[in-house]
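Asks: Give the three-dimensional model of this entry:
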Amino acid sequence: MTLVKRNGSLFNSLPMLFDDFFNQDFFNWRNSNFSNTNTTIPAVNIKETAESYEVEVAAPGMTKKDFKIELDGNMLTISSEKTNQTEEKDTDKYFQREFSYQSFQRTFNLQKEVVDIENIKAKYESGLLHLLIPKKEEAKQKPPRLIQIS
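Replies: Sure thing, here's the model as predicted:
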């Protein structure tokens with residue numbers, strides 16, 4: 001927060017006070033679940049196990065047909081686009097109608113030497129998109145072994 005000294009009476013300061021009030025970023029959208037285009041970006045959980053990486057994308061209200069998962073080299077892109085359209089009748093006269101359009105795109109850089117890109121699997125159920133990204137055999141964590149002393 002920056003402190004600024006202002007000279008003058010209260011009435012001279014009121015426009016600046018209101019300017020400051022309305023220009024403040026009370027809801028810091030950069031730290032929340034919105035993009036610069038005011039579209040919702042779903043939350044993502046990424047869990048590493050000894051065998052794989054598990055990615056969960058929270059996207060309730062969508063179907064598996066709404067998603068596009070694309071692998072281009074080592075870039076994995078998950079995107080979705082959904083519009084809600086209702087059928088209009090000639091007798092419909094509405095005062096206000098708000099369109100519904102949702103889209104997002106998330107891109108992840110995969111390490112080809114670590115993950116088995118040929119065997120990535122995805123499924124959608126109960127509002128969550130699940131991706132299973134298996135590790136290559138040589139990248140999997142090995143259990144500790146005891147080394148004999150001679």
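
Asks: pLDDT weak spots in the protein?
Replies: Regions of the chain meeting the criterion pLDDT under 70 cover residues 1-40, 84-91, 95, 97-100.

Asks: Which stretches in it count as helices?
Replies: 10-23 (DSSP state H).

Asks: so where do the strands sit in this protein?
Replies: Taking DSSP state E as the test, the strands found in the chain are 44-48, 52-58, 67-72, 75-84, 100-109, 121-125, 128-134.

Asks: Turn those strands into CSV, including distance to Gln148 and mean neighbour count.
Replies: All C-beta atoms are positioned from the backbone trio N, CA, C, and that covers glycine. Output for these, formatted as CSV (distance: least, C-beta to C-beta, whole Å; neighbours: other C-beta atoms under 10 Å):
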stretch, distance to Gln148, mean neighbour count
strand 44-48, 31, 12
strand 52-58, 32, 17
strand 67-72, 44, 12
strand 75-84, 42, 15
strand 100-109, 41, 13
strand 121-125, 40, 12
strand 128-134, 32, 18
